[in-house]
Each structure stands twice: as structure tokens, then as C-alpha cells.
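**Student:** got a sequence here, can you build the structure:
(chains A and B)
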Amino acid sequence: MAAAAKQAQQLARQLFKLSVVDNVVSTDRVAGVLAYVEKHSPANAVLVLKAYHRLIAVELAKSEARVEHAGAVAPAALAAIAAAMTKKYSRPITTTARAHPGLFAGLRVRVGDDVYESSVSGQLAALALSV
Amino acid sequence: MLPSLFLAFVEAPVIAAHAAHAAAAEPGIAEKFGLEWKYVVIQAISFLILFVVLYLKAIKPTIAAMDERAHSIDAGLKYAEEMKNRLAATQQQTEVTVKEAQQKAQAIIAEAQKTAKEFADKQQKEAFEQASGLIAKAQEAIELEKKKMLAEARTEIARLVVTTTERVLAKKLSDADRASYNETAARELTGV
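**Tutor:** As a prediction, the model looks like this:
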């Protein structure tokens, strides 16, 4: 069982590498990979697809900046954030805005596992920790 | 004394014979007074016999008893003297023994006092160290408790401040304030 999972993981990694072009997940490549899996039905296909899906989701999260905000955010500000993150990570990054009233005011940006925050809630938390 | 007395008794008949001869020659005093020499001699012999009997039966045993008593007294005195000397020697020896015993007792007492003092000092030192350790531990515990209480107080105060601030901000912040803050935050994040 462990050997099968390991084998499926390796195959999923290979398929994932084929799906990324210039640090960007290519929809065409992904479609081709899925067609290949559907056609050839490799061993442990379900495990392979689960691992592949997880890798693709992680990679897509790296290409997406999820912006949480309290109050209105100007589209120009979101564009500026996307540009700054694209420049920082050297790959195209898009922004997705989502309201989060718990921040009171300010923004929190997540890119993959990285978090950037400038909010009243964050400052209050930092104040509580510093006391 | 006894020989002279004896001679006096022995010579008494001779003297009486001389006196009788003299009286025969001429009427002497004895004749004048009507003395009979034979009675005198008989009296003298009787006295002599009585004296010998008394000497043999009473005087001699008495003298022997007195000599024996004197000897016994001398022996007793000598014994008393010897006992006195022995007593003196014994007393001297006893004094020496008592003195030695006193010296030994003094030495034992001094050693005991020294040991007791050392033991007391040791006990006092141990008690002091134990008390110091307990005090140090107590102070340390108090200090830790104090720090813990201060930390808990700080945390609680910070939590209250943050909670109060959040409530105030939730009520007082307007949409314009939030938008302005968001703009500033965006500028800050784009400068990362």
C-alpha cells in the first residue's frame, strides 16, 4: 500500500511538471494530462489524480494573491498589489478580493504560504504580543 | 625497790638480835617498854611469810599483768602509730588518686564541652544553611509567582485593551476611514 502511494506520488509529480510552463500552470497541458490519465488508466489512478490535484492547487495558489479586506478597496490598489507580487515572485500573480470584517481596516494578502498584512487587527495582535 | 625491801625484812631479825643483846646487857628501852623479842621475831617472820605469799600470789601476777598491759599498750600505740602512718599514706595516696581523678574528670568535661560546642556549632551551621536554602527557595518562588502574576496581568490587560479597542474601532470607524486605511495598506504592501 505504501509502495503504491509512493509510486502514485511520483507519477503525479511527473504529470505536474508536464503541466507547468514558465512557472505557470498551463490549462492546455492540464487538459492533456487528464486525457492521458483517462485514456491509459494508470495503476492507482485515483491516488495519482488526488496527488496531481493537490500539486496543481498549490501551484495555482502560488499564482494567486488572495486579498482580504475590511472596507472598500480600490481596483487600482488590487492591481498595484498584483503587480508588486508578480514582480516579487517573478511570475504572473492575480488577485482575488474577499471581505473580512474582522480586520476592522486594512489588508491581508496571502500568496501560497506567505502572508502579508497591514491591518488594524494585525497591529492590535502585535500590540498584545509585545506587552 | 623490792630487793631493798626484802633486805630490810631479812636484816630485821639480826637487828633484833643485836637489840636483844644490848637489852640484856642493860635494861634498854625495850625492857622499859616491856617488849618481847621473840614475839617481835615471830611477827617479823609472819610478816615475811605474808610478804612472800603476797608477792608470789598477788604482787608478782599484778606486776606481770601490768607489764603485759604496758606491753599491750606499747603494741597498741605502735599499731596506732603504724595505722596512723598507713592512714596518712592512704590519705596521701587517696589525695593523689582523687587529684588524678579530678584531672581526668576535668579533661573529660573539657572534651565533652568541646564536643558539645562543636556539635552545637555544626547543628547551628546546618540549621542556618537549611534556613538560608529555604529562604532562597521561598524568595525564588515568590519572585517566580510575582513574574507569573505580572505576565498574566499584562496579558489580561493587553487582551482587555485589544478587545476594547476592537469594539471602539468597530463602532467608530467609518467606511471612509477604512477606505483610507486600505489605501495606505496597499501602498505599504506594494512596497514589500
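**Student:** give me the phi and psi for whichever residue of chain B sits closest to chain A.
**Tutor:** Nearest to chain A in chain B, going by Cβ to the nearest Cβ, is residue B:178, at a distance of 2.4 Å. (Glycine included, C-beta is placed from N, CA and C.) The phi and psi torsions at residue B:178 (degrees, to the nearest 10) take the values phi -60, psi -40.
**Student:** contact residues of chain B facing chain A?
**Tutor:** If contacts are counted using Cβ under 8 Å from any Cβ of the partner chain, the residues of chain B sitting beside chain A are B:154-155, B:157-159, B:161-162, B:165-166, B:169-170, B:173, B:175, B:177-179, B:181-192.
**Student:** point me to the residue of chain A nearest chain B.
**Tutor:** In chain A, no residue comes nearer to chain B than residue A:71, which is 2.4 Å away by Cβ to the nearest Cβ.
**Student:** now that residue: closest residue in space that isn't a chain neighbour?
**Tutor:** residue B:178 (2.4 Å; Cβ to Cβ, 6 or more residues apart in numbering or on different chains).
**Student:** mind checking pLDDT for that neighbour?
**Tutor:** Residue B:178 is assigned 89 on the pLDDT scale.
**Student:** that one contacts residue A:107, correct?
**Tutor:** No. Between residue B:178 and residue A:107 there is no contact under Cβ atoms under 8 Å: 10.5 Å.
**Student:** pick out whichever of those two has more residues nearby.
**Tutor:** Applying other Cβ atoms under 10 Å in any protein chain shown to residue B:178 and residue A:107 shows that residue A:107 carries more neighbours, namely 29 against 22.
**Student:** just confirm the more buried one is within a helix.
**Tutor:** No. When DSSP: H, G, I helix; E, B strand; the rest coil is applied, residue A:107 is found to be strand, with no helix at that position.
**Student:** relative to residue B:114, how far out is it?
**Tutor:** Separation of residue A:107 from residue B:114 (Cβ to Cβ, to the nearest Å): 85 Å.
**Student:** what stretches of the chain score poorly on pLDDT?
**Tutor:** Reading this off chain A. Along chain A, the parts satisfying pLDDT under 70 run over A:1.
**Student:** my bad, chain B
**Tutor:** Where chain B drops to pLDDT under 70, the residues are B:1-27, B:192.
**Student:** mind jotting down where the strands sit in it?
**Tutor:** Ranges of strands within chain B: none, based on DSSP state E.
**Student:** show me what the longest helix along it is packed up against.
**Tutor:** Counting by DSSP state H, the longest helix found in chain B is helix B:60-172. In terms of contacts (3 or more Cβ pairs under 8 Å, 6 or more residues apart in numbering or on different chains; DSSP states H and E), helix B:60-172 is packed against helix A:120-130.
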